[in-house]
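Novice: kindly generate the corresponding structure for this input.
(4 chains)
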4 protein chains.
Amino acid sequence: MLKGFNYPLTPKGKSTLNPSPPWYYSSDFLSVEFWSHPTAVEALLPSGLEPDPSANGRGDAFFYDWQFSGDNEEYLDPVRYQYREFFILVDALYDGKPVSYCPYIFVDNDAAIARGWTQGYPKRLGQVFQTRYYAATSKAGPALAPGSKFAGSLTAGGQLIAEAVVTLRQAVTDPSLLKQKPVINLLHVPRLAADKQDKPAIHELVQNVPREVKIEQAWIGEGSLTLPICKGEEISDLAPVRCGRGMRASMAYVVDDLKTLKDLRN
Amino acid sequence: MLKGFNYPLTPKGKSTLNPSPPWYYSSDFLSVEFWSHPTAVEALLPSGLEPDPSANGRGDAFFYDWQFSGDNEEYLDPVRYQYREFFILVDALYDGKPVSYCPYIFVDNDAAIARGWTQGYPKRLGQVFQTRYYAATSKAGPALAPGSKFAGSLTAGGQLIAEAVVTLRQAVTDPSLLKQKPVINLLHVPRLAADKQDKPAIHELVQNVPREVKIEQAWIGEGSLTLPICKGEEISDLAPVRCGRGMRASMAYVVDDLKTLKDLRN
Amino acid sequence: MLKGFNYPLTPKGKSTLNPSPPWYYSSDFLSVEFWSHPTAVEALLPSGLEPDPSANGRGDAFFYDWQFSGDNEEYLDPVRYQYREFFILVDALYDGKPVSYCPYIFVDNDAAIARGWTQGYPKRLGQVFQTRYYAATSKAGPALAPGSKFAGSLTAGGQLIAEAVVTLRQAVTDPSLLKQKPVINLLHVPRLAADKQDKPAIHELVQNVPREVKIEQAWIGEGSLTLPICKGEEISDLAPVRCGRGMRASMAYVVDDLKTLKDLRN
Amino acid sequence: MLKGFNYPLTPKGKSTLNPSPPWYYSSDFLSVEFWSHPTAVEALLPSGLEPDPSANGRGDAFFYDWQFSGDNEEYLDPVRYQYREFFILVDALYDGKPVSYCPYIFVDNDAAIARGWTQGYPKRLGQVFQTRYYAATSKAGPALAPGSKFAGSLTAGGQLIAEAVVTLRQAVTDPSLLKQKPVINLLHVPRLAADKQDKPAIHELVQNVPREVKIEQAWIGEGSLTLPICKGEEISDLAPVRCGRGMRASMAYVVDDLKTLKDLRN
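Specialist: Predicted coordinates for the structure are as follows:
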């Protein structure tokens, strides 16, 4: 019997891209709230999601430095399991209720791609960087203090896809500021068989069900985001009309489930 | 309507990892024939494939420098579509007929991962290198001539996974030397839903059906391959007992179909 | 006695970035002729070089796929010695004679950085790609034929720095088309000592003296080059006013010497 | 007048690999104390340094995650200036006094290579990883607590060069544990001119003079280090006979000077 959650499947299951869930994540992250043209957001939504008129094109961009582990101390193999990520969530409605939808996401690691595709995150490879905070502060980088600035960038396919700066104003004392809407993804697996290339094997709306979400050391302030026009890319259709809140925090959570909301195949 | 063959699906379909087939490939490659312990090969075969007793553990290792394109001059975006690849094929039987099975494969590009997973190739990311041949020959590299040596290497997860050397002896004049058996893969898509983690969405034996296969500038000689023991990896279980023929050639083919042989779910 | 040509110096000299010369190079390359604003070229020239009024801002951009070796079959260690390169040469005068000067150059390998700095090439790291030609032609890439197109790109510091396309028109039959002017570099080694940061240890005009230059399989046609405006970079000051000849060829040469023309320190 | 501290020198000085000093650094790091065969350490020491008989082959291995900046908020361009580093310091005597000497060091960034070579650090490119600590702790990674484990690894030239694990036992309360000996390097700049390849342009013993060194959040415990045998590398000659103290801490300092101790030519 071959073993492994993701490819490759092998006799002992050691070569697999990922151990079976539960999957543990911890990180530092930057986020920037922004408003795109509402029509650009609407054009991106899959069947089953509706634009949220009250959102007016609102979304968030995130830069994460992730530590990943399964149940076997995978955090001691950082070359294989540590990674960086950029993604965008846009506001939408599902069944009339506010949700987030992820149209674009980039990581720098294959295990992260494999986990993402299992959750409906449409991951591609990219080079993601964010300014880091260290306990030994100096002019080399920002302190966790009012006025401090943190930057993030994403490069993919050789092009600069996104850039952001977050300027801290105050530590977060109201935890309600940290609430996130449910993330709904489009889980999509195509078929290569010549007569089925228009009939994906899987094409479903799914809901992520993270557990034990924990946010620490959160600061908020202002954010700015740019999504430059790039050849062969559509992400700049979401280029911000204006930006809003910026945040810098540390986060952890667990993933071990996924909820299918709706099969979108006819 | 969202467009795109692979993730992400977008209004215009430009951001997708891959255009819809047909997919065109051309390359230079090295290959090394080798024999593993037959039990190591047998342990890797999925249900539906049988060991080939006459093969005695035979397999081939390949290093490819690939140029990929779809129908829209994607070869003019090499940063996004050019890639390098290492893989192993082991001999097996399907329905009593000789076939090849791919237990391990590594590439350095996300579009290549996406296409591979659609074909049942269990791709992970790796850094793949091979000595290159140039028309302007010099001591900088090998000529296409008897005694010339070409090397290949694969690094993944920070470890050296495979190394090979091919020594040329003669140009190939008998095209039957270049015949390949059909490649049978295990197409596998897991489910993350808590109650389905043991019930993959797809778990099938599939057969690759490449078209317009073309091999040029082929030379054969001897090959050597090493698969060092690596932490968290099983590939060294295939470590060669002995090695055989080496080859260095240029190749092209087209992919636009996949044949399902058998659904392996109960 | 410690051994090694470049860092690090060790008892056996095996860990050094590079063996001692001679250094052997072979490659495939693309080149694009272009004209910048002459004032932009003039502003880049070091003391000792004069603008060439007849050049009118002319320069060439190059994309190379290099195989490197020393005298010990270093081409069998491609992960350490194979590399890709982008650089620009601008026309200038030295002592009234036409020469080329290299203001910008990028490679993807540390051994190449070390050799370059020893020759006055001001190398930085970048990701360089060019469309490749294979003997097994297909729609996956261009043939060596009229109308075929090859593309090149350079990304550095996360930004797309240069892009080019070369369209082939005819094989080169007149070898005089392949002549290059002498390349004059600014060899510069700074001092970190607090009182010497304005007094470099080395600041010389040097001339490269390549040997056994060989060009094969050369085709010429038209070239196009773009140098987009990038944050923190000056290279786009050379953005082409117009472009001229494009070329695609294979090349080899040997480096084992450097000629100092003039010490530029007062 | 061309501007820039390192290559390339340009009219505005923006393209240079590094701004002029002062250079600011902050980081998280792991360190492991180890003992090599004393003869292996002795063989690595440059002229002017003597083995420290009382050290008995002692050295330290370090894994750093660095944030770098100059005076112009370079920390807001992390893709260009953030980097990771592995290095080894071995105990030695200079003028009868205990010092440290750096025989091997690897980074993943070109600006860091350029700064290092200016200070006598014999840097090569490598992929360096260390387990990270985040304020939002979880099973994804270690807490700052007794028994927590952090791992580090270095890959260069496609080979795994070093691996380490640090197990925390207690927070450091005695600051004398954090004292470092002066770091003495071999500053070496070769000459390529055919008749000077044995006569380096610079070959000096230099002393690093860091300022404002600050260590925070320091924990100590046990360390383990392996330096596997690698093709074409000598670093495994230092393979530990035994290992000692491990540490994990955050650090900052400033570099703006270098002291030449002795010209080693002639």
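
Novice: which residues in the stretch 1-150 of chain A form strands?
Specialist: A:23-35, A:58-69, A:83-94, A:97-107, A:123-125, A:127-130, A:149-156 (DSSP state E, counting those that start in this stretch).

Novice: ok, A:His203 - how many residues close by?
Specialist: A:His203: 20 surrounding residues under other Cβ atoms under 10 Å in any protein chain shown. C-betas here are computed from N, CA, C, even on glycine.

Novice: OK, contacts around it?
Specialist: A:His203 makes contact with A:186-189, A:263-265 under the criterion Cβ atoms under 8 Å, 6 or more residues apart in numbering or on different chains.

Novice: still on that earlier bit, out of the strands of the stretch 1-150 of chain A, the one nearest chain C is which?
Specialist: Closest of the strands of the stretch 1-150 of chain A to chain C is strand A:149-156, at 4.1 Å (criterion: Cβ to the nearest Cβ).

Novice: just to revisit the earlier point, how about the strands of the stretch 1-150 of chain A in a markdown table, adding mean pLDDT?
Specialist: A markdown table is the format used below for these (pLDDT from 0 to 100):
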| stretch | mean pLDDT |
| --- | --- |
| strand A:23-35 | 98 |
| strand A:58-69 | 98 |
| strand A:83-94 | 98 |
| strand A:97-107 | 98 |
| strand A:123-125 | 98 |
| strand A:127-130 | 98 |
| strand A:149-156 | 98 |
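
Novice: dump those strands into JSON lines; add distance to chain C and mean neighbour count as well.
Specialist: Formatted as JSON lines, the strands of the stretch 1-150 of chain A follow (distance: least, Cβ to the nearest Cβ, whole Å; neighbours: other Cβ atoms under 10 Å in any protein chain shown):
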{"stretch": "strand A:23-35", "distance to chain C": "16", "mean neighbour count": "24"}
{"stretch": "strand A:58-69", "distance to chain C": "13", "mean neighbour count": "24"}
{"stretch": "strand A:83-94", "distance to chain C": "12", "mean neighbour count": "23"}
{"stretch": "strand A:97-107", "distance to chain C": "12", "mean neighbour count": "22"}
{"stretch": "strand A:123-125", "distance to chain C": "12", "mean neighbour count": "25"}
{"stretch": "strand A:127-130", "distance to chain C": "6", "mean neighbour count": "24"}
{"stretch": "strand A:149-156", "distance to chain C": "4", "mean neighbour count": "26"}
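
Novice: would you turn those into a markdown table with distance to chain D?
Specialist: Output for the strands of the stretch 1-150 of chain A, formatted as a markdown table (distance: least, Cβ to the nearest Cβ, whole Å):
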| stretch | distance to chain D |
| --- | --- |
| strand A:23-35 | 4 |
| strand A:58-69 | 4 |
| strand A:83-94 | 10 |
| strand A:97-107 | 13 |
| strand A:123-125 | 15 |
| strand A:127-130 | 4 |
| strand A:149-156 | 4 |
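
Novice: dump those to a markdown table, plus distance to C:Lys12.
Specialist: Listed next are these as a markdown table, based on distance: least, Cβ to Cβ, whole Å:
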| stretch | distance to C:Lys12 |
| --- | --- |
| strand A:23-35 | 43 |
| strand A:58-69 | 39 |
| strand A:83-94 | 37 |
| strand A:97-107 | 41 |
| strand A:123-125 | 38 |
| strand A:127-130 | 36 |
| strand A:149-156 | 39 |
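
Novice: right, and the ones you listed - which one's nearest A:Ile220?
Specialist: Nearest to A:Ile220 among the strands of the stretch 1-150 of chain A is strand A:23-35 (9.4 Å), distances taken as Cβ to Cβ.

Novice: before we move on, the earlier item: just the buried members of the contacts of A:His203?
Specialist: Buried members of the contacts of A:His203, scored by 16 or more other Cβ atoms under 10 Å in any protein chain shown, are A:186-189, A:264.

Novice: ok, so of these, who is nearest chain D?
Specialist: A:Leu187 (23.7 Å).

Novice: could you check how far the closest one is from chain C?
Specialist: Note on A:Leu187: its distance to chain C, by Cβ to the nearest Cβ, to the nearest Å, is 31 Å.

Novice: cool, and A:Glu73?
Specialist: 29 Å.

Novice: which one of the buried ones among the contacts of A:His203 is nearest A:Pro210?
Specialist: Closest approach between these and A:Pro210, by Cβ to Cβ: A:Leu187, at 16.0 Å.

Novice: OK, contacts around the closest residue to the closest one other than its chain neighbours?
Specialist: Sequence neighbours aside, A:Gly120 is the residue nearest to A:Leu187 in space, at 3.8 Å (criterion: Cβ to Cβ, 6 or more residues apart in numbering or on different chains). Each residue near A:Gly120 by Cβ under 8 Å, 6+ apart is listed here: A:102, A:185-188, A:204, A:206, A:208, A:258.

Novice: if you set the cut-off to 10 Å instead, what comes out?
Specialist: Contacts here follow Cβ atoms under 10 Å, 6 or more residues apart in numbering or on different chains; on that basis A:Gly120 touches A:46, A:101-102, A:183-189, A:202, A:204-208, A:258, A:260, B:7, B:192.
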